[in-house]
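> Generate coordinates for the sequence data below:
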Amino acid sequence: MNSASCSSTSATIHRRRGAAEGHRRSHAGYVREVVKRALELSATAIVLVHNHSSGDPTPSRADIEMTKQIVSASKNLGIVMHDHIIVGKQGHPSFRGLGPI
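Numbering: from 1, shown residues only. Just a heads-up that it's a prediction; the model follows:
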């Protein structure tokens, strides 16, 4: 399951939402869903968290591409993507720490 957290200027998490379950066939659709929800909440920032059922938290090419698309789309609307974290059996790497954000 993917989860998106949105915050306002007070840096408080206002909503935690399960955004999607299972395999995403359309990254463009997911990008729209995330940005739409952030706008509905008047969020100024987003943190994405999801797990890899394989247990390997290494970001896939699809994870990286989707993250870049969300960063670009949200940035144009004044929404900052603080991080994208992938949870696995072997840890939980941060995209901010890895560099794609």
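> List the buried residues for the helix or strand harbouring residue 96?
With secondary structure defined by DSSP states H and E, residue 96 is part of helix 95-98. Using 16 or more other CB atoms under 10 Å as the test for burial, helix 95-98 gives residue 95. In this view, the C-beta of every residue, glycine as well, is placed from N, C-alpha and C.
> gap between that helix and the chain center?
Remark: helix 95-98 is offset 12 Å from the chain centroid, using CA atoms, centre = their mean, to the nearest Å.
> any weak-confidence spans in this protein?
Scanning the chain for pLDDT under 70 picks out the ranges 1-27, 100-101.
> thinking again about what came up before, contacts made by the helix holding residue 96 with the rest, please.
Taking CB atoms under 8 Å, 6 or more residues apart in numbering as the criterion, the residues outside helix 95-98 that touch it are 59, 64, 67, 82-85, 101.
> Out of those, list just those in helices.
Here DSSP state H is the test, and the contacts of helix 95-98 give 64, 67 as lying in helices.
> what sits against residue 88?
Contacts for residue 88 were tallied using CB under 8 Å, 6+ apart; they are 51-52, 54-58.
> mind running it again at 7 Å?
By CB atoms under 7 Å, 6 or more residues apart in numbering, the contact list for residue 88 reads 51-52, 55-57.
> Alpha carbons of stretch 66-83, as CSV, please.
Included here for stretch 66-83 are C-alpha records, laid out as CSV according to Å, rounded to 0.1, in the frame of the first residue of the first chain:
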residue,chain,number,x,y,z
MET,A,66,7.2,8.4,-10.4
THR,A,67,8.9,10.3,-7.7
LYS,A,68,10.5,12.7,-10.2
GLN,A,69,7.1,13.2,-11.8
ILE,A,70,5.4,14.0,-8.5
VAL,A,71,8.3,16.4,-7.5
SER,A,72,7.9,18.2,-10.8
ALA,A,73,4.1,18.4,-10.8
SER,A,74,3.8,19.5,-7.2
LYS,A,75,6.7,22.0,-7.4
ASN,A,76,4.8,23.9,-10.2
LEU,A,77,1.9,24.2,-7.7
GLY,A,78,4.0,25.4,-4.7
ILE,A,79,3.9,22.0,-3.0
VAL,A,80,7.2,20.6,-1.7
MET,A,81,7.9,16.9,-1.7
HIS,A,82,9.8,16.3,1.5
ASP,A,83,10.6,12.7,1.0
